[in-house]
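> Predicted structure and sequence below. I'll ask about it afterward.
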Amino acid sequence: LQSSSEDICLSYGDFSGDSQQASAGNAPAISGREVCSLRREYFFEGFGEPSYNLDFLRNTPAPRNGTHESGAVVVPPRFNDVAADSPFLPFVEALFNAGITGGCGNGAFCPFPSVTRDQMAAFLLLAVEGPGFQPPACTTPVFNDVPCSHPFARWINEIAARGITSGCGNGDYCPSSPVTREQMAVFLLLAREGTGFNPPACTSPVFLDVPCDSPFAPWIDELAARGVTGGCGSGNFCPGDPVTRQQMAVFLSTTFGLPVPVQGCPNVVFPPDDHGDTPAEATPIAKDGTPINGLHEVADDVDVFSFSATEGEAIRYSIQGSGSNNVPVIVLRAPDGVTFAGSVSTADILVASTTGTYFAEVKQDFNGHDGPYTLTVTGPITDDHGNLPTQATALMVEAPAVSGEIDFRNDRDYFSFPAIEGTPYVVDIGANNLRILAFDTDGTTQIAVSASSQLQFTAPRTGTLFIRIEGLIMFGTTGPYQISVAQQL
């Protein structure tokens, strides 16, 4: 953390000590986890948890700039009819913070009434476009039962223009009818993905009360697959039930990825995560060297990126933090998303062991610093000789030496030559800082190895044998060489 001032929220609790902000030294002797939704100065001391100076001037009532104060912080809910322990509270707050709703009046949200179809039009468009959006004024009614004088006419006409709805039949929209849960599935996905979107066909029902022959089944199943809904209980979805306003808050917040506040601290939100934390949520990136910006928003954030690679391809990757106290590292994972494929470092080169999608986990440094970073992935990078037996450069026995270079720590240069069973050979590379390995005709069974400038061995059979040049494993050495193969006299 950098020395700063901001509104942050951890959890409810008590505090005691000096609340003045004069210096880090007079901060209350409490853990940062024990206070909630206070204006504070924080200072990272380099060990343990941050120290905080608390400023109660933003909280009323609250103690003010004395010493050895104590008390408890209570932050009331935003709306007077949504309890602080309601499981819907964070999602209701998310809608308010996103400017999608201001409630139903008099400090209330009205969580239990059904959402009507005219209200839904406004909710959807504000979720898609943001709080400042205003659709064009109604000049010609689209539906028989929504004249231009209707307060939601412009919103209803706009979702019709976008192909989100075609009404309820017979040229009507049924603006005052409640939105059912099955209708909500279609509304959400078309608003989120656009009119060209068609969810996968239903092959196995997700919910007991939504068989595959229901026209809404693909839409409902897609919502479930995205984690937007778990149904209404007992394995059911309750497709014909009306959607309540508090349920609508969950549907919208989850579908459109709105930042959801911490339960119990309704006025403070977790920062949205810019990149997913797992291979399934990875951000796809190109290997063209374009810098990719990211941010570790919280202490244990991990950002995962994905890129494709072909077996034997060499790919350079690097990460740059925002300063000396923010040095993130990269861990590479194989296409299964689990197997370790590259070093824990700030820069290195991957040689792909198989063709597929690889994953780069960008983690915070070992001190847990958060902050911005820039990731760069470039490939394939130029390599003078192939990294696999199938990419080997062909040599001839007793021919002039061929130039090569181990360009990077993970570089492996493969060569092949025709051998005769029982014949002794010597491979010379003219360099003592590299390693030479000989392999049988399968390219994988090792015959001999040397950490000097020469390797001597006898061919176990007639056929094409393989030679691999690489850096010394312990030191990751690199450098040029001149390779030749001769019969040993």
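Looks like it arrived, so ask away.

> And for Glu158, the neighbour number?
21 (other Cβ atoms under 10 Å). Placement of C-beta: from N, CA and C, glycine included.

> was I right about it contacting Pro136?
Yes - contact criterion Cβ atoms under 8 Å: Glu158 and Pro136 qualify, at 7.0 Å.

> what residues are up against the nearest residue to Leu375 once chain neighbours are set aside?
Excluding its sequence neighbours, the residue lying closest to Leu375 (Cβ to Cβ, 6 or more residues apart in numbering) is Ile292, at 4.5 Å. For Ile292, the contacting residues are 283, 285, 305, 374-377, by Cβ atoms under 8 Å, 6 or more residues apart in numbering.

> May I ask which of the residues you listed has the most neighbours?
Ranked by neighbours (other Cβ under 10 Å), the contacts of Ile292 are led by Val377, which has 24 neighbours.

> For it, grab phi and psi.
The phi/psi pair for Val377 (degrees, to the nearest 10) reads phi -130, psi 130.

> How much space separates it from Ser318?
8 Å (Cβ to Cβ, to the nearest Å).

> so how many other residues sit close to Thr195?
10.

> how far away is the residue nearest to Leu375 from Val304?
12 Å.

> Give the residues shared as contacts by the two.
Thr283.

> any idea which residue sits dead centre in the protein?
Residue closest to the mean C-alpha point of the chain, counted by Cα atoms, centre = their mean, is Gly276 at 1.3 Å.

> thinking it is in contact with Val302, fair?
No - between Gly276 and Val302 there is no contact under Cβ under 8 Å: 9.0 Å.

> Can you list the low-confidence ranges for the stretch 201-350 of the chain?
Counting by pLDDT under 70, the low-confidence segments of the stretch 201-350 of the chain come to 261-272, 298-300, 323-325, 343-345.

> And the helices in it?
Assigned by DSSP state H, counting those that start in this stretch, the helices in the stretch 201-350 of the chain fall at 217-225, 245-255.

> Val351: what's it in contact with?
So Val351 contacts 312-315, 387, 410-412 (Cβ under 8 Å, 6+ apart).

> same thing but 10 Å
Taking Cβ atoms under 10 Å, 6 or more residues apart in numbering, we find Val351 in contact with 309, 311-315, 341-342, 380, 383, 387-388, 408, 410-412.

> Need the three-state assignment for the nearest residue to Asp172 once chain neighbours are set aside.
The shortest distance from Asp172 to any non-neighbouring residue, by Cβ to Cβ, 6+ apart, is to Asp145 (4.6 Å). Asp145 falls in the coil class when you classify it by DSSP: H, G, I helix; E, B strand; the rest coil.

> where's Asp145 relative to Phe466, distance?
From Asp145 over to Phe466 (counting by Cβ to Cβ), the distance is 78 Å.

> the more surrounded of these two?
Between Asp145 and Phe466, Phe466 has the larger neighbour count (other Cβ under 10 Å), namely 23 against 16.

> Please tell me how far the more buried one sits from Thr390.
10 Å.

> Now do the shared contacts for the two.
Common neighbours of Phe466 and Thr390 (Cβ under 10 Å, 6+ apart) are 414, 416, 443.

> quick one: what helix or strand has the first one in it?
Okay, so that is Tyr414. strand 412-419 (DSSP states H and E).

> What residues of that strand count as buried?
412-417, 419 (16 or more other Cβ atoms under 10 Å).

> Which strands border the helix or strand following it, and is each parallel or antiparallel?
Per DSSP H and E, the first helix or strand lying C-terminal to strand 412-419 is strand 424-428. Its sheet considered, strand 424-428 pairs with strand 454-458 (antiparallel), strand 479-487 (antiparallel) by DSSP bridges.
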